[in-house]
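Student: pasting the sequence and the predicted model now:
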Amino acid sequence: MNSVYFLRGGGLFGCLMLVSLVTGQPNVTPAEEGIPVTDPLVIAKCSSCHPRDEREIMQRISWERTTPEDWQEVLKRMILANGVMLTPPEARAMVKYLSTKHGLAPEEAEPVRYAVERRIHDESRMSTENFRTACAKCHALARPLSWRRSREDWQELANMRAARYKVRPSAEVIDLLAKTASLRTPEWTAWNAQTHAPNLAGRWLVSAYVPGRGKYYGEMQADADGDDEFNTRVRLTSIRDGSGIIRTGRSVVYGGYAWRGRSKGSEAVSAAPDAPSSEGREVMWIAPDQSRAEGRWFWGQYQEFGFDVKLRRPSSDATLLAIDPLSLKAGSRANRIRLVGDNIPPQVRTADLDFGPGVSVRRIVSNSPSEVVAEVDVAPDVGLGMRNATYRRSLLPNAIAIYDRVDYVKVTPESAMAAFGNQTRMRGYQQFEAIGYQRGADGRAHTADDVELGPVDVTWSLEIFYAPEGSNTDFVGKLSSTGFFTPDAGNANNNYDVWVIATARSEKDKDGKPLVGKAYMVVTVPTYTFDGRQYVRELDRWVDDGPARSR
């Protein structure tokens with residue numbers, strides 16, 4: 001009976017026992033010192049398959065560390081594959097313990113947090129070709145790099161892959177994993193020696209960006225409900241049009257820094273799928289000193305919509321949060337520039353503001369406790385590139401770009417996916433932006449030192465691969481004037497490769513032709529996935545989103 005469970009479901013813990021069944025090889029006791037398991041609930045639920053010795057070392061678990069999401073996936077696999085019985089509160093308590101005592105240090109989690117934040121990320125330059133070949137055929141590279149294991153445990157995982165998938169990672173890959181994702185690191189040793197009670201209650205300043213909708217600013221009030229759970233209320237204001245959003249939510253913090261929550265707007269949700277008042281998940285990384293946090297709040301069938309969020313503790317001094325516009329042209333005069341912040345005093349002088357050499361503040365137009373509006377002149381011979389924006393002692397690093405011309409337009413995301421819908425699956429949308437760029441100091445476009453200038457006014461169009469120029473694309477979908485793509489409603493069994501084209505309205509190349517940027521998009525069928533039992537779906541909300549206790 002057990003072999004049926006392992007062959008059907010497996011899982012990271014069950015995989016080891018599958019290796020023993022298939023190869024006849026016994027489990028190897030790692031030479032590296034394991035991490036003791038002391039939580040009574042973990043011991044009660046796991047020790048029947050993972051024996052624990054007199055040193056409190058538990059088979060497999062003591063030689064592994066990973067993120068809250070991965071520990072949650074392990075529990076779900078054990079429920080489905082091995083029949084482990086857990087209530088949602090028990091599952092959440094186990095994930096909390098494992099994410100703290102067998103989790104990642106903040107410095108280890110930061111490089112791969114794009115995966116849990118559901119961001120599009122280019123992994124093509126990560127690691128070696130052998131590593132990419134061994135791991136990226138089945139999943140993102142962030143997945144193995146979100147784990148820390150002993151070398152023996154990495155080897156056992158490789159043995160499992162060889163037995164189950166007929167793919168054996170090379171010795172080079174095992175050596176690389178053992179070196180770059182080892183069980184014990186200086187970062188984790190230092191973090192593990194500290195207490196992890198998150199002291200996050202109180203007021204936070206928020207700056208956020210929604211692709212296609214622009215910048216927002218505001219504040220969040222976090223009220224503690226226990227040692228590591230928080231009720232939140234967020235007020236945001238759009239810099240573009242002044243509209244306001246109020247979001248309320250609940251979050252849990254794993255391991256002292258991994259913020260996981262769910263929030264939604266208090267007003268009626270707009271029919272627009274990208275409405276900022278939509279219910280969404282919150283994933284944030286909290287700095288080790290708990291003075292700042294950043295991450296993404298997202299929603300949508302494919303998590304394609306969201307806020308890019310930064311939080312910081314308020315100060316007794318003035319604090320800058322955002323600037324508008326994002327760029328100024330050399331030789332321009334009387335530019336109105338808006339600095340959004342907190343605790344700005346009643347009296348603001350021109351000498352209080354500094355944007356670097358060649359940019360002079362002509363006058364202060366207006367100011368309030370939350371913003372300063374000033375007029376600035378830019379010298380014709382000013383140095384080009386990114387500048388800091390400074391108000392007294394508060395600084396926004398690389399906040400504004402000085403340029404002489406827009407050299408090219410880049411459409412972001414450069415590669416994307418959207419999905420048709422059907423009776424049971426929602427459509428997957430996509431928001432594009434056209435961003436202007438100035439060639440960098442090397443004088444060449446499309447190199448690493450190029451300067452981002454912010455959104456450019458463009459017209460949008462679609463073009464199907466391998467189709468006659470000018471052919472109708474309505475059966476694929478439509479792009480709005482703001483770059484929002486909506487798939488057609490009647491193509492759920494087809495897929496198309498298309499160009500998303502942005503043509504600048506006013507910016508031109510050296511030949512006087514409008515600048516054009518392109519992105520590649522696949523519009524395809526819905527993603528059909530096995531949802532699992534309702535029991536497991538309920539765990540998703542209890543463990544991952546820190547819901548109310550009464551749920």
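Tutor: That came through fine. What you see is a predicted model, and the numbers here were worked out from it, not measured in a lab.

Student: which non-adjacent residue is nearest the residue nearest the centre of the chain?
Tutor: Centroid-nearest residue in the chain: E117, 2.6 Å away (criterion: C-alpha atoms, centre = their mean). Closest residue in space to E117, ignoring its immediate chain neighbours: R296 at 4.0 Å, by C-beta to C-beta, 6 or more residues apart in numbering. Glycine gets a C-beta too; all of them are placed from N, C-alpha and C.

Student: how about the one you found, secondary structure?
Tutor: Judged by DSSP: H, G, I helix; E, B strand; the rest coil, the three-state class of R296 is strand.

Student: which pLDDT value goes with it?
Tutor: R296 carries a pLDDT value of 97.

Student: hmm, the residue nearest to the centre of the chain is touching G295, no?
Tutor: Yes. E117 is within contact range of G295, at 5.7 Å (criterion: C-beta atoms under 8 Å).

Student: overlap in contacts of those two?
Tutor: V283 (C-beta atoms under 8 Å, 6 or more residues apart in numbering).

Student: rewinding a little: what bridges to the residue nearest to E117?
Tutor: Per DSSP bridges, the residues bridged to R296 are V283, D308.

Student: show me the contacts for it.
Tutor: R296 neighbours (C-beta under 8 Å, 6+ apart): 117-119, 283-284, 306-309.

Student: again, 10 Å this time
Tutor: By C-beta atoms under 10 Å, 6 or more residues apart in numbering, the residues touching R296 are 113-114, 116-119, 208, 280-285, 303, 306-309.

Student: picking that back up, how about the contacts made by the residue nearest to the centre of the chain?
Tutor: 281-285, 294-298, 303, 306, 308-309.

Student: separation between the residue nearest to E117 and M284?
Tutor: Applying C-beta to C-beta, to the nearest Å, the value for R296 to M284 is 8 Å.

Student: mind giving me the domain ranges of this structure?
Tutor: In terms of domains, the chain is parsed into 2-192, 202-312, 328-403, 408-524 (source: automatic domain parsing).

Student: mean pLDDT lowest where, among those?
Tutor: Among those, domain 2-192 carries the lowest mean pLDDT, a mean of 81.

Student: how about the strands in the stretch 201-350 of the chain?
Tutor: Assigned by DSSP state E, counting those that start in this stretch, the stretch 201-350 of the chain shows strands spanning 202-210, 214-224, 229-238, 244-254, 258-265, 280-286, 292-299, 305-312, 319-324, 327-329, 335-342.

Student: of these, which is nearest V37?
Tutor: With C-beta to C-beta as the criterion, V37 lies closest to strand 244-254 of these, at 17.1 Å.

Student: strand partners (parallel or antiparallel) of that closest one?
Tutor: Here strand 244-254 is paired, per DSSP bridges, with strand 229-238 (antiparallel), strand 258-265 (antiparallel).

Student: flag every buried residue along the first one.
Tutor: By neighbour count, and taking 16 or more other C-beta atoms under 10 Å as the criterion, the buried residues in strand 229-238 are 229-232, 234, 236-238.

Student: same deal with stretch 121-136?
Tutor: 123, 126-127, 131-132, 134-136.

Student: got the contact list for A399?
Tutor: 320, 322-323, 326, 339, 355, 386-390.
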